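Asks: Quick one, structure for this:
(2 chains)
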Amino acid sequence: MSNKRLVIIFLLIGLGIVLLMMANILWGSVLIEPQKVIQILFFSDKSFVGESLIIWDYRIPQMLVAVFAGAGLAVAGLLLQTLFRNPLADPSILGISSGASLGVALLLFLSGRYAGSLISSLGWIGNLGISLAAMAGAVAVLFFLMAASSRVNHIVSLLIIGIMIAYLAGSITGLLRFYSRKEDIQAFVIWGMGTFSGVSRAQIPYFVTAISIGLIFSVFMSKSLNLLLLGERYAENLGLNTHLITRLVILLAGYLTAVITAYAGPIAFIGLAVPHIARNLFKTSNHLVLIPASIGTGIILALVCNLIARLPGIEGSLPINAVTSLIGAPFVIAVMLRQHRSNSLVS
Amino acid sequence: MSYFFLLFITVGCQLNTPKNKHSVTNNLMRHAQMIKAEQVETGILLEIHSPYAKEVASYLLQDSNLEIPDEYAGIQRIITPVNRLIALSSTQWAPLLEIGKHQIVLGISEAGFVHDSMMKEMLAKGYVVDVMKNGQLDFEKTVSLQPDLILYSPGPEGSQDQLKRTGIQLFMWPDYFEESPLGRAEWLRVIGWLTGEEETTEAWFNHIENEYFELKSLIKDTVPRVTIMSDKAFNEQWYVPGGKSYLATIFKDAGADYIWKENSATGSIVLDIETIISQASEADFWRIAHFTEASYSYEDLKKENEIYAGFKPFQNRKIIFCNTYKTAYFETSQFQPQVVLADFIAILHPNLLPDHKPVYHHLLKQETHVE
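Replies: Purely as a prediction, here's the structure:
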């Protein structure tokens, strides 16, 4: 692909992101006139108390979570697909999202059962919110994976271990759920649907910084990732410390997934689909291009889904997980079919 | 990795609540366990226990022109009468409608399950907004209503984060966790204090209390005891009311021995079907609540699960049925524990209340598809 075309596509993606960000701020379940939105945004007009709270404390945090979660999940997916050289790898495959779910289930179901004893006796830790419990569960799985990665020699073994952890955490969650009170399950079900609106304005800086750090790191890994694509042995012969890179990739992808799942719940599909879209759009396997391309595409997909989840006529908002697959899956299928056709044209 | 701990601390600190300085000594509540109330010089002091933590939420209800005394400095103040509120549970708005205070209700939750015709009309005309669907709060609608207060039912730790973010004053309402029927009904006194309709609600509750005790006194030691079991399987799980729950108390006061009366749970417990069969299939009566627009019969029950047909109360046609679609059970029964009790007494011991007309619960009729 020529550099000129590359620049044009990136510019178009950038423009799309800006437009979608604006649309996300303008659109919500309560109608606020565009003039009012502009006054609230740029002139910090204090006369609209309720509207200003909605814009600054709800829509903007939600939009930012969509942007950074979309970017982070896309990169995590790309990293894992490259590492495992498996197009079906995604952030949930290592069991990190399942670990987060287990953390949340433990919090919600045990805080109901042992009211006032177990959880409250932990002092300030007893005040942990859902996001903190999810983080704890995800980090626990991540540490286990890191430990496992130094013991196994083959990357496929690690993949299997990850999938087994996912099953294990999933079944413990299922057991907890089975034995918990009907009333306590609802909060867990809602968390499992995923949402971009769960992060408060005060938490946004931490979320944005945490994801940005991960994204910047990933760019620095582009060259090593390009070598990994050639195969483990080959990369080693070229002087790459594959053992170290494997651990770094897992740490980075796990870290991104853990932070996002903690704040937004287990968001499916973006991590799996975006790398495919990016690869096809840019027709390259060079990670120096693919990483920013995945970031851009991930942001667009997340923002579009967030917008669609709050379409007019829909009471409340649709669960994000339902929308991501609904919108993304047909798109990925179309991309694949087109790719197949162009390939056969070439051959 | 240290970054994680930074995140831990920031989230953890935000959820801390201030400690209370004053506590209730002269409790006004007679039955409710989750709440204590005291008439103090400058208003009414309330202490509400969170069912999910050791925490206590304290509120001082007072008139707008009164000063806050120093000793209550750390306590949340609510200016009464409250004129604009969101009531997230039907047990909050139903009594407000009953005492003619419908105009202060701006928002409710789960409008799809509303039974009351007046509330349905208010929703249709847009006077009241549905701010929560399937348990998910619509942040934007909630904030744009600009209420003074949101009455909410507490959930597990962390599940109220969205509510807290609205910045609107919250009032915890754990009436659902009251074990005794009179304790649940007593929460309507709080409605009176919040709205300045104290006289009406006090008289209302006194009436409920008197009638309940009168009915309960019908069950003398000479009344033969009958046994009762409860509920049916839902999604492969069979929840039954715990031995110290609201329904267990009603059963006891209506002169029935509840099969799981020795159990110590105040909420519901899950049992497997074999346990249920071994312990309860020989019970005299079986109470079932079911949400259906259609009629319901023994045949319908059998279609759900063949096993039900083997239970003695099924064979003897002694199933006590409550259709939660056709009756306003979840909205109004809380403030009519005497009616709920009367329904059960009339079914379990028909000679004690021969003229009673069933309101919420009735004996499920024979095979015919009638109510």
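Asks: which phi and psi does residue 49 have?
Replies: Defaulting to chain A. phi -70, psi -50 (degrees, to the nearest 10).
Asks: could you do chain B instead?
Replies: phi -90, psi 130.
Asks: which residues sit in contact with B:Leu137?
Replies: B:Val131, B:Gln162, B:Leu163 (CB atoms under 8 Å, 6 or more residues apart in numbering or on different chains). Placement of C-beta: from N, CA and C, glycine included.
Asks: Neighbour-wise, which one of those leads?
Replies: Most neighbours among these, by other CB atoms under 10 Å in any protein chain shown: B:Val131, with 28 neighbours.
Asks: so how far is B:Phe139 from that residue?
Replies: Separation of B:Val131 from B:Phe139 (CB to CB, to the nearest Å): 9 Å.
Asks: for B:Lys326, same thing?
Replies: B:Lys326 is 34 Å from B:Phe139, by CB to CB.
Asks: Please identify which of the two sits among more neighbours.
Replies: B:Phe139 (24 against 16).
Asks: The more buried one contacts B:Arg165, correct?
Replies: Yes. Using CB atoms under 8 Å, B:Phe139 makes contact with B:Arg165 at a distance of 6.9 Å.
Asks: what sits in contact with each of these two?
Replies: Joint contacts of B:Phe139 and B:Arg165 (CB under 8 Å, 6+ apart) are A:Tyr58.
Asks: At the geometric centre of chain A, which residue sits there?
Replies: Compute the mean C-alpha point of chain A, and by CA atoms, centre = their mean the closest residue is A:Leu73, 3.2 Å away.
Asks: For it, give me its contacts.
Replies: A:Pro91, A:Leu256, A:Thr257, A:Ile260, A:Ile267, A:Ile270, A:Gly271, A:Val274, A:Gly298, A:Ala302.
Asks: which element is it on?
Replies: helix A:60-83 (DSSP states H and E).
Asks: what mean pLDDT does that helix have?
Replies: Mean per-residue pLDDT for helix A:60-83: 95.
Asks: For the helix or strand hosting A:Tyr167, name the packing helices and strands.
Replies: Using DSSP H and E, A:Tyr167 falls within helix A:155-178. Helix A:155-178 sits against helix A:96-113, helix A:130-149, helix A:242-264, with contacts defined as 3 or more CB pairs under 8 Å, 6 or more residues apart in numbering or on different chains; DSSP states H and E.
Asks: Highest mean neighbour count across those helices, which stretch is it?
Replies: helix A:96-113 (a mean of 26; mean count of other CB atoms under 10 Å in any protein chain shown).
Asks: Distance from it to the middle of the chain?
Replies: 19 Å (CA atoms, centre = their mean, to the nearest Å).
Asks: Now do the same for that helix: mean pLDDT, whole number.
Replies: Per-region confidence: helix A:96-113 scores 83 on mean pLDDT.
Asks: Go through stretch A:190-204 and flag the buried ones.
Replies: A:190-200, A:203-204 (16 or more other CB atoms under 10 Å in any protein chain shown).
Asks: Helices along the stretch 201-350 of chain B, start to end?
Replies: Secondary structure of the stretch 201-350 of chain B (DSSP state H, counting those that start in this stretch): helices at B:246-253, B:273-280, B:298-304, B:312-315, B:329-332, B:337-348.
Asks: now those in a markdown table, with mean pLDDT and distance to B:Val82?
Replies: Below are those laid out as a markdown table (pLDDT from 0 to 100; distance: least, CB to CB, whole Å):
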| stretch | mean pLDDT | distance to B:Val82 |
| --- | --- | --- |
| helix B:246-253 | 94 | 27 |
| helix B:273-280 | 89 | 45 |
| helix B:298-304 | 89 | 44 |
| helix B:312-315 | 94 | 46 |
| helix B:329-332 | 88 | 21 |
| helix B:337-348 | 96 | 25 |
